[in-house]
Structures are given as structure tokens and as C-alpha cells.
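[1] Sequence plus predicted model, see below.
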Amino acid sequence: MAEKTVVAIQIIIVLFPIIMAPVIMYSNRISDKLRNGLSVLTAAFTFVLTMTLYPFIKNGGVVQHSLFEIIPNLEISIRLDLLSFSLASLASFVWLLATPYSLAYMSKEHACGRYYPVLIFTLGSCQGIFFAGDLFSLFVFFELMSIIAYILVIHEQTEEALKAGYKYLVMTIIGGLALFFGMIIIFELGGTVSLGVGPIIQEESVLGLVAFICFLIGFGMKAGMFPLHVWLPDAHPVAPSPASALLSGIMLKTGAYGLIRVVFFVYSFQLLHAFDWDDILAVLAVITILLGSAVALTQTDIKRRLAYSSISQMGYVLLGLSIFNTNAITGAIFHIFSHAFMKSALFLAAGSIIWKTGKRNIADLRGIGHQMPITMGCFALAALSMIGIPPLSGFLSKWTLALGALDVGMPGFVLVLLISSLLNALYYLPIIIPAFFELPGELTIKHHGDVHHEPRIKIEEAAPLMLLAIVLLASCTLFFGLTPNNIAYGLSRLTAAFLLGGGGL
Amino acid sequence: MTELLNVLLLLFLIVCAIGVAYIRDLLSAVILFSAFGLIMALIWQQLSAPDVAMVEAALGTGVAALLMIAAISKTRREE
Amino acid sequence: MEMLSRLIHNYFYLAAIILFVIGMHTMLTHSNMVKKVIAMNIMDTSVFLLFVAIGYVRGGKPPIIDGIGETLYVNPLPGALILTGIVVAVSISAYALSLIIKIQRAYGTVDCDEICQIRGDE
Amino acid sequence: MALAEHLPALIVITPLSCAFMAPLLYRRHALASGYMVLLSLLITLVMSALLLLKVNREGPLSYQMGNWSPPWGIEYLADPLRLYMLVVVIAVSLWVFFYALKDLEHELRREVIGWYYTLYLLLVASMAAMTMTNDLFNLFVLMEICAISSCAIITIKQDRECLEAGFKYLILSAMGTGCYLLGIAMLYMVTGHLNFEYLQNELSTAVAIYPLNVFTAAALFIVAFGTKAALFPLHVWLPDAHASAPSPSSAMLSGLVIKIYAFSLFLILYQVFPRSLLDSLPLSEIVLWLAALGVMFGSIYAMMQKDLKKMLAYSSIGQIAIIFMGIGLDQRLALVGGLYHIAVHAVTKGMLFMAAGAIIYATGVRKISDLAGIGRAMPLVLAAFTIGSASMIGIPGTGGLISKWYLALGALEIGRSLFVLVVLSSSLLNAIYYLPIVINAFMSEEDFAHKVNEVPKMLQLALVIGMIFIVVAGVFPRPLILLLGEAVANFF
């Protein structure tokens, strides 16, 4: 494929959803069906287009193309390499599943005319982040996505949602300003913010460190890194479930993606390593992992528990990033994939349960496995994968991460992974086990004198579209765990080698 | 001799200015201000600027004071 | 000491600055609006005095050429500028005074403090 | 072409002459009078643009008023920098007038609208002349004209707040001009010149002999222009004056009038004081610190406001401080940022005031808390408000980002990261008080409680033009930035 075609396809991938957003908004006036159809169509089209880039990527192609110059030395440019393709394909895939899921889920919700355009717009800006060829365009799309996602967060418009949304917004803006500060320091030091010129910062300087910390703040905020995670457990649960799935599954990853770009393309990772700047990242990552898991234990709302779990899972990615060897980076990137599948599946399953039964409290979920076996089965599969039970994808990513940690002689990190897995088990199993092996609360009370009588529980699954998305995502965790030579793992390996090899520059 | 006269006039000016600041009766303040203006015109004459002196006497003192008196008559006299 | 003697030597400048400070002080501290306008005029006039004093040449004649062939004139430029200045100052005070009359109609007082009180009560 | 030589004078004379025809025509034909004003501003804009092109091609043009050559005559200088400001002034006035045409019918009594046109054009003419004049005393006279006319377009509404605010403004601005005149006297005393260029030549030697005079003059200038441009802590007059005035006046005052004084101070600092003096005196340092304080305090005050227009007025204090910061940092890139911000903020704040005016026009609501849910009732107006807020915060794609970018870059270049933080925290503070308004307007659950009248097409069109400009300034700033970069290069 010629470079020009690739650039054109990328531009279409980014702009098409953004342009479709107002169209969808307008179509809402004509009919709901048209609106829904257009939304799904846009998501599907974006996914297909993204996948067409695969042959180009498989041949090791890298594109860095400057579109136009805003002010001298500051341009909007586009980049395609293994890393951006991995993330972009992942994002469009999850969107492809979450959009049809929304059709069913949102049928009970208000203000759909606002929800779909925003959902699709966020897709476009997400792809923009992954395809950005310089820090500035990355920043632009990052801010665009963050601010638009605000509308998803506050969709319910309850007091609680508005409060969480405000927190989210303020934190986002602080993060954006930190990014701006970091970016301007890079521009000052290196005279450019392009990602295509190799590591811009190769010498140690105080400003360089300040910029690094700024990037940590800006991207770390989005990735839910301690101590900037405070917005996350409030914002993710209040959003509608498909939006939560996207927020946790994909948008957290944009932060991780930004950090990867910064670590490998803005700084030379040898520099970070030589001056121990990577230790900041490692320490924060460890705290994030342990804290996220520990707090998740105390949560009683299922979506809040999932949100805290996201924090700890993002810690793995950051941890992998702070260890500069192939295994660890592979683990980090593969964990981005597997966490996206697992967490989206979990959130969507939780959403189905809430949609069907209105139950959010974990204590009320006893016996739900009898009522919604498929949904809960998928939930269990994803949760087990989270814990790291062998044939699932979560195991594979943790295993690779652990290998990477051992390669550099850091068994402490392996210990952290083990502790966190244990904690994961501690907070996921109490959801799964009662769901399957106990009876629903109201039935137990009714029949407490008559234990022998096995009550019949009617199977009431959520809408088929919702089931489809959940089942597909859950089977992904199984598939990518069972076959170590799958596309996601392969991409992760290639990307890790590509990043450590100097980013193909 | 002229130096002495100049100094005296300037002292007068300062006294008038301070007087304007302290007198609570606005009409008296305006009258003091006119005196101030006229002394100023004299000083400018001393400084060989007769044109400025004339304008000051006519506009700065005459018209301005007239306007102020008009304003006071429409509002109130004491501060 | 040297500075003091220089100041006394340039007593016009000194007086102008003193007047300027008195005018400004009166303008900013008194709450009556008419008083403010009078003080504003004093302040402006003092600067004009300074200007004219700058242009003055000791023993110079007014810059009127009468054909007799005087040799020493005072600098005519400050005078010309000050003419403009006086006109501008008078128009500003006329405008301010007209505002005062309107304010009297609107608030029933021309005292800044009282107006603040009235607005605070609202 | 003979006419081209006289463009600097024509640019001032055209609005000036129309100023006196407008009220006469208004009595016969109200509509025609408005369009005549519009036309005269348009012609002035075309002339300014022509002049800018000509100067860009042939180099700076010096115009002697009445053929009296400097140092005695008044010289108007047309160099790219001043013409940039001139074009901003005329273009924004034209745009605001476009809005004013319809809005005034609502805000003022019919009899005075003709006079409003006069005052408006006087203001424009004086500002246009202020950008070009190369003579300190002429600048003084123009400042007084500007002060009277801007004060008059506040008080023309004749309600209590306007009158009081107008008087406060008048007195403080008289103090400012008094200080300025004293400063001129100080400089005239030691140099005998009023022309910028001659002053600069003379001052480099005079400062060694009479340092006190020159220092005092510099201090007086900072106080004078600081008062006029509402540099913290001399801003006390601004909030009342800008908030109570009719909306087009607010847009003009906040958008242009305070900036013209900031620009004049900039010209005096860089074109009157020789470079050696600027390096040896902490002038820019003082301006810089006052600006930094102003950025913080302006935003903090704005946060506490309940009235929409008052909030916008306080936010102007923070934004003008950003411009002063560009001047105070004394660095080429920062200066470009500050000057670019003049144009960006002129349009942004103008548009925000217009949006506020349109809201008041249609609903009569002024309180921020009453705006909940208004976004669905008046989407276009609130869209404009949103874009304006975004530019205030410095969200990518709006002009606000570009000026902040250059300011931050300049501050980093000379190793003063502290001021980068100040710029960034101003963004954050802006976000904290602008965003809730926008969010409440669009997201609030309850329907808008007040009756909504239709906003006239002209008002909407004016808002659309503003939005387009802000986005263009954020996406294609290159030519302007290059122009400014070249124009300020010879100051360093």
C-alpha cells in the first residue's frame, strides 16, 4: 500500500466519526432507527478501515506525514506504526461491540440524541490520539476526547453524576495544562514536538525532568495513576454501562499510550534509565496496583469495584513500561489488550445486570447466575482472567510481565503481581461464587423453612445484542489466552521489539 | 524682585489649593478655585506666556467656575 | 543638600509638583464629586504650570515677533501645547459636571460614599 | 498615487467626519445613518488593510500632519506593528458596530442612538490615531478624546449604575492622564522633544545627566497606562464600568479600549526609552509582577461574581494582565504572544459580551445562576459563549492557545518557568469559572424558566463571525505570527 493511501485512510478513520457525529445528531430528529443504524455503521466502518491498514503494518511499514504547519516548527502530523495500529485496532474493535450494546442498553435511557453523537465523536478523537504524529496533535485530540467524554460521564444527570463530572472535568483540565507545560518545555529544549525525529531529549536537564513529571501528571491522570486517580472511581460508575466500558477499556489506555510515546519517542529510554527517572514511574505503578486492589475490596457497588480494579490493572501497564526489556514491554502492551477485553466485558455484563434487574449492590447479586447464566458466565470468565487463572489472557499478560521483571532481576515486582492477583481473587470471587452457588436473596427468605424445595428461577437474559457483545469480549479473553500465537500477542511482541529497537527511526 | 513676587504667588497658589481641599462649603471652594486660576494666569504672565494666561483666565477660571457653580446650584452646597 | 538647593532653585517645578500632589490627594480622598472635579482641575493646571515653567527662559520675551529684532524668546511650544491642554481639561470637567447633575437626579446625592451605601442597601 | 500617501490621515478623518454627520442624518433617516456608519468603518478598514499591504511591501511610512516636519510637527508612523494594531482596532469596531446596530434599539432610547454613533466613531477615530501617532503630546490629546468618548458610551444609558461607574472611570482616567502629562513634562524637560524617535535619540544621553527625571517619567507612565488599561492594582474602575454599560460598549471597552493603552505603554517602553535604559531599569520587571498578580486576582475575583457581565469584566483584568505579561517578559516570543493575545482577546471578550448582551436581549437574565438550561433555548448564542470560553481557557483549536503557547515559550526561553505556571494557572482558573456556566447552560435538567424572545439575525451573524475568527486564529495563526515576529524583531 502506498504511503499516500495509508495517510488518506488514517485521515478518514479520524475524521469520519467526527463528521458523522453531527449527522447522527441531526438524524435523531428524523428517526431513532436511522440514528442507531448510522451509529453502528460508523463504528463498523471505522473498524473495517482500521483493519485495512494491517497488511501495511505487517510488512513493517511506518508512516510519518506532516499535514500542515500551524506556527513555525509546530505542525499537525500523522503517524502510523505498530504501536498506533495496535491501539487503534483495539479501540475500534471495542467500539464496534459497545455501540450495538448501547442500542439495547440505551433503549431505557433518556437523551439518546446526545449520547450517540458523543459516543461516535469520542471514537474519532480516540483514533486521532493514536494516529497523531506529534505531541501537539496528540494533545489536541487528547483534550478533545477528554472534554467530550465529560458528556458521557454526566449522562445520567443525577446530582452524583454532575458532581463526579465536575471533578473529572477539573482534573482533566489540570492534566491538560500539565501536558501543555511539558509539551512547551520539550518544544523549547528540542525545537520540535514531532514524534518522528527520534528521541528529542537526549541530555539530562532540570527542565527535562520537569517536563517528564508533567507528562506523568497529564497522561497518568487519564490512566488513573496514583495519586491522580481520584476522579476515576467517581466518574466511571456513574456513566451508562457501555460508556463505562469504553472509559475503562479504551480511554484509560490513551493515557498509557501517551506515556509509552513519551518514554520512547520524546525521551530516549536509555536516558530515563540512566538517571533513574523510570523509578518514579515504577514506584507510582506499584502504589497504584496495590492501592487500587485494596480499595476495590471495600467497595459494595459493583461498578465502583470494577472502577477501582481498573486503577490497579492500569498499574500493571505502567509497571511494565518502567522496565525496559522486551518481555516487560510486551506484557504491558498485551495487558492493554487483555484488560480492554476483560474490563469491557465486566462492565458490559454489570450493565446488563443493572439493566435487567436494577441491582448494583454486590450483596444483592446472590444467585444472579441462575437468572442470567450466560451474562454471569462471561462475567466469571473475565473476572477469572483478571485474577490471572492460566488459560485466560490475563494470565498471559501477567506471566510475560513477571518474566520481564525477573529478566532485570526484580523479583519484588513479581511479588507485587502475586499480591495483587490475590487481592483480585479476594474481590472478584465474592461476586462470582454467590452468584452461582447461592440462591437469590428474596427466594432464600421466602423458602427458608422449606430447604429441600429447589425453587425454579426463570432464566431472564438481557437483550440479544447485549449478550452478543459480552460473549464476544469474554471469548476474546479465552481465545487470546489459549493461543499464544494470536494476533494481539504477536502485535505486542512486535511493538515491544519495535519500541526497544529505537522506534524504527 | 520678580523672583520674590513669583515665590509669593506660588505660595498663594498652594494656600488656595489646600484651602480648596479643606473648605466644606463648595461655593467657597469654587471661588477659591477661581482665585487659584487667576493667580495661575498671573504666574503665566510672569513666565512670558501671555496667550496661555489669557486662555486660563477665560476658560480655566471663567467657564470652568461658571459650570461648577451651575452644578452646585443643581445639587447641594455643602460637602 | 545639593538636591535641596537644586529644588529651591527650580522653585516653579517644586511648586508644580506640590500642587499636583495636593490636587491628586484631594481628588482621591474626598467623596464629594464636585470637589473631585475641582481637584482634578487643580491637578491638571499644576502640570500646565510645570510645562510653561519648562519653556521659560530667564529674561526671555513672549514669542511675539514684532520686527524689532529681539534675541531671546521663551520656548513657544509648551505654550501652544498647554492651550490644547486647557481646552481638553475644561471639556473633561464640563462633562464630569454634567454627569454629576445626572447622578444627583438618579441618586439624590453626589457623595460617593453615600452612593455606595445606597447601592449596598439595594 | 497621491491618495495613498495620505492614507494615515484619511483613516482618522473618515470616521471623524462621519461622526458629526451621523446624528444629523439619524433624525431624518435612522436606518440610513446606521448604515452610513457601517460603511465608513468598512471604508476605513479597507484603507487600513491597503496601508498595511503597502507598508509591508515598501517599508514604514512616516506621515507629517499638515506637512510640519518633526520634531515640531505631529508625525504619524505607519509600521507593520502599529498597522497590525490599527487593523485590529478597525476590524473589531466594525464587527461590534454590526452587532450594535440592532442591540442598541433595545438598550437605548431612540433619541440618543444618533449620538451614540457619534461617540462610537469618535472613539474609533481616536483609537486609530493612537495606534499611529508618534508624538507624546498628541497621544495625550487622543487619550483624552478616547477617555471622554468611552466614558460617554457607558453613561449614555443613563441608569444609576452607568452614571456612577462612568464618573468613577472619568476621575480615575483623569488621574491617569494627569500622571501621563506629568511624565511628558519630565521627559520634555530633559530632552526638549515630544517625537518618539527624537526622544529616543536624546534620552540615551540625557539619562546619564538627569537620571531622576527619566526614572520618574517611566514610573508615571506605568501608573498612567496601568490605570487606563486596568493593570492590577489600578483596575478598580473597570468592573463597574464594563459591566453596567450597554453590551456593544462593553464589547468595545473590554475588547479594544483597554488594549489600546497597553499597546501605547508598549510603544513608549520600546520606542521612546532606549534599549540601554530598559535593560538597566527594572521597568519590565515591575510590569511583569503586576501582571502576574493581575492574572491571578482578576480570575479569582471573576470566580466570585454572580452577575454575568461583571464576571466577564473581571476576567478582562486577568486577560489584560496576560498582555502586560507579554510586554513585561521582555522577550521576543513572549512579546509576540502578548501582541497576538491583543487580537485574540479583543474578539473573544467582544464575543462573550455580545453573547451576554444577546442573552439579556432575549431573556433579560443577567444572573449566572439563572442561566441553567438556556443552551437549549438559544443554542447559537451559547455556542458562541462556549467557543469564547474555550479560547479563554486556551483549548486547542482556539486562538487563546496560540498566544499562551508563545508567552510560555518566551518565558521558558529566558528561564522564568514561574510565569509559565502563572499563565497555566490562569487557564485553570478560567476553566473553573467559565465551564460551569457552559455546562449548566446545556446540561441542566430543568427547562429554561424565562421567556425567550427571538435574537435578531444581525446579532447572530455577528456572533458567527466572531466564532469563525477565533477558530481561524487557533488553526491558521501562521501569517499573523510571522508578521508580528518580524515587527518586534528590531526591538531586541
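    Nice, I can see it.
[2] And for residue 62, the neighbour number?
    In the absence of a named chain, this looks at chain A. Around residue A:62 there are 18 other residues, counting by other C-beta atoms under 10 Å in any protein chain shown. C-beta here means a position set from N, CA and C on the backbone, and glycine is covered the same way.
[3] To clarify, I was referring to chain D.
    Quick note: residue D:62 (other C-beta under 10 Å) scores 14 neighbours.
[4] cool, the one 4 residues further on as well?
    Residues within reach of residue D:66, counting by other C-beta under 10 Å, total 7.
[5] what secondary structure does it sit in?
    Here residue D:66 is helix, with the state taken from DSSP: H, G, I helix; E, B strand; the rest coil.
[6] That one contacts residue D:75, doesn't it?
    No. The pair residue D:66 / residue D:75 is not scored as a contact, 10.9 Å apart, by C-beta atoms under 8 Å.
[7] ok, how many other residues are close to the closest residue to chain D within chain B?
    Closest approach between chain B and chain D, counting by C-beta to the nearest C-beta: residue B:71, at 12.3 Å. Using other C-beta under 10 Å, residue B:71 is surrounded by 24 other residues.
[8] Name the SS class of it, please.
    Following three-state DSSP, residue B:71 is assigned to helix.
[9] mind listing what's buried in stretch D:41-52?
    The neighbour-count check on stretch D:41-52 (16 or more other C-beta atoms under 10 Å in any protein chain shown) flags D:41-45, D:47-48, D:51-52 as buried.
[10] ok, now stretch D:68-81?
    D:70-71, D:74-81.
[11] Identify, from these, the entry nearest to residue C:81.
    residue D:74 (11.0 Å; C-beta to C-beta).
[12] now, which of the buried residues of stretch D:68-81 lie close to chain A?
    Counting by C-beta under 8 Å from any C-beta of the partner chain, nothing from these sits close to chain A.
[13] out of these, which are inside strands?
    D:75-78 (DSSP state E).
[14] I'd like these as JSON lines, with pLDDT appended.
    Below are those laid out as JSON lines (pLDDT from 0 to 100):
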{"residue": "D:75", "pLDDT": "86"}
{"residue": "D:76", "pLDDT": "88"}
{"residue": "D:77", "pLDDT": "87"}
{"residue": "D:78", "pLDDT": "87"}
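[15] List the contacts of residue 34.
    Picked chain A for this. residue A:27 (C-beta atoms under 8 Å, 6 or more residues apart in numbering or on different chains).
[16] oops, chain D please
    Residue D:34 touches D:101, D:117, counting by C-beta under 8 Å, 6+ apart.
[17] Next: the one 5 residues further on.
    By C-beta under 8 Å, 6+ apart, no residues touch residue D:39.
[18] so which helix or strand takes in it?
    Secondary structure from DSSP states H and E places residue D:39 in helix D:30-58.
[19] quick one: low-confidence ranges for chain A?
    Judged by pLDDT under 70, chain A has its weakly predicted residues at A:1, A:440-457, A:484, A:502-505.
[20] Same question for chain C.
    Low-confidence segments of chain C, defined by pLDDT under 70, span residues C:1, C:64-71.
[21] the helices in it, which residues?
    Under the criterion DSSP state H, helices of chain C are mapped to C:2-9, C:11-29, C:33-55, C:76-107, C:112-121.
[22] Just say which of the ones you listed is most tucked in.
    Using mean count of other C-beta atoms under 10 Å in any protein chain shown, the stretch among the helices of chain C with the largest mean neighbour count is helix C:33-55, at a mean of 26.
[23] That helix and chain B in contact?
    Yes. In terms of C-beta under 8 Å from any C-beta, part of helix C:33-55 sits within range of chain B, namely C:34-35, C:37-39, C:41-42, C:45-46, C:48-49, C:52-53, C:55.
[24] In CSV: those residues, plus distance to chain A.
    Output for those, formatted as CSV (distance: C-beta to the nearest C-beta, whole Å):
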residue, distance to chain A
C:34, 50
C:35, 49
C:37, 47
C:38, 51
C:39, 47
C:41, 50
C:42, 50
C:45, 51
C:46, 49
C:48, 48
C:49, 51
C:52, 51
C:53, 52
C:55, 50
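[25] For residue B:2, give its distance to residue B:47.
    Plainly put, residue B:2 is 10 Å away from residue B:47 if you go by C-beta to C-beta, to the nearest Å.
[26] How about residue D:203?
    To residue B:47, residue D:203 is 26 Å away according to C-beta to C-beta.
[27] Equivalent analysis for residue D:162, please.
    With distances taken as C-beta to C-beta, residue D:162 is found 42 Å from residue B:47.
[28] what's the answer for residue D:480, then?
    Distance, residue D:480 to residue B:47, using C-beta to C-beta: 50 Å.
[29] More neighbours: these two, which one.
    residue B:47 (24 against 21).
[30] Would you list the phi and psi of that one?
    Per-residue torsions, residue B:47: phi -90, psi 20 (degrees, to the nearest 10).
[31] what's the burial count for the residue nearest to it when sequence neighbours are not counted?
    Sequence neighbours aside, residue C:56 is the residue nearest to residue B:47 in space, at 4.5 Å (criterion: C-beta to C-beta, 6 or more residues apart in numbering or on different chains). Neighbour count of residue C:56, defined by other C-beta under 10 Å: 19.
[32] Which parts of chain B are helices?
    Under DSSP H, chain B gives helices at B:2-22, B:26-46, B:50-55, B:64-74.
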